[in-house]
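**Student:** Sequence first, then the predicted structure, then my questions.
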Amino acid sequence: MLVGAVLATSAAPASAESVDRASSTAFIADVITLDRTLISHHTERRAAANAFVNRIASTCPDALANAPRNETAVQASTVATLYSESEFELGLADLDAGRAPGMAFVRELGQLRWSRPKISRAVAAGRDELVELFALEPPNFCADVSASAAGQFASVPSDTARFLKAFEATQRAQGEAAQIPKMIRPFLADDQLKSLTRLKKLEAREEAVSNADINPAQKRLERILSGS
């Protein structure tokens, strides 16, 4: 394991600074490895996203096509929330294809140590966010839409509300974790700073690849749900 190997080079008695440097180097390397792996799995991720859309198409097509046209503010909010549920579930389907490398990354993060509590808390929060994200169990979307439609979309099903709240919480934590590279920059040697540039480019590429895979599926999902 990369982290273990790096930290072993600064084994006891290791100074706080040497451990900080080793963990920072390992963190950057691990994120680069994760991004490269996610990019290489883009075919599987696209297939998983399309499989989810196909399941909706066969189970509850036009699910939101009959939403009230002269909807109240409450009904409009409910329909928008159900669309959000479908998009979040689509995102989880895409994410599930990267579960194995994602959990490997989580295990690596568990081995890292810093002398600065702020960094340790940020890394722990990022690790916990990934664990919680992979542990999310989406509700039955078609059943949720059916239940809401039966009540004229006057309310959001409780399962939907709980799922969206949990999903959004993981996204907030993810935003905070994005600050970690900047926080550990002081511990990287001059010749390692190029890794930060490489990481930034890889993250942009991974996002572009992910969007290229999921955006067409998302648009198709919207058409299927709306009956357009």
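**Tutor:** Cool, got the structure.
**Student:** Please enumerate the helices of the protein.
**Tutor:** 2-8, 16-40, 42-59, 73-96, 99-109, 117-135, 141-150, 158-177, 180-184, 193-226 (DSSP state H).
**Student:** Of the ones you listed, which is nearest residue 67?
**Tutor:** Closest approach to residue 67 among the helices of the chain (CB to CB): helix 73-96, 4.7 Å. C-beta coordinates here come from the backbone N, C-alpha and C atoms, glycine included.
**Student:** May I see the buried residues of the closest one?
**Tutor:** 75, 78-79, 81-96 (16 or more other CB atoms under 10 Å).
**Student:** And stretch 38-48, by the same measure?
**Tutor:** Within stretch 38-48, the residues that count as buried by 16+ other CB under 10 Å are 38-39, 41-42, 45-46, 48.
**Student:** Off-centre distance for it?
**Tutor:** The chain centre lies 14 Å from the centre of stretch 38-48; the measure is CA atoms, centre = their mean, to the nearest Å.
**Student:** which other residues reach that stretch?
**Tutor:** With CB atoms under 8 Å, 6 or more residues apart in numbering as the test, stretch 38-48 has contacts from 93-98, 101, 202, 205-206, 209-210, 212-214, 217.
**Student:** out of these, which are buried?
**Tutor:** Burial by neighbour count, judged by 16+ other CB under 10 Å, picks out 93-98, 101, 202, 206, 209-210, 213-214, 217 from those.
**Student:** May I see the residues you listed organised as a markdown table, with pLDDT and distance to residue 127 added?
**Tutor:** Formatted as a markdown table, those follow (pLDDT from 0 to 100; distance: CB to CB, whole Å):
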| residue | pLDDT | distance to residue 127 |
| --- | --- | --- |
| 93 | 91 | 23 |
| 94 | 89 | 21 |
| 95 | 87 | 16 |
| 96 | 87 | 19 |
| 97 | 84 | 20 |
| 98 | 86 | 16 |
| 101 | 91 | 14 |
| 202 | 92 | 20 |
| 206 | 91 | 19 |
| 209 | 91 | 24 |
| 210 | 89 | 21 |
| 213 | 86 | 25 |
| 214 | 92 | 24 |
| 217 | 95 | 28 |
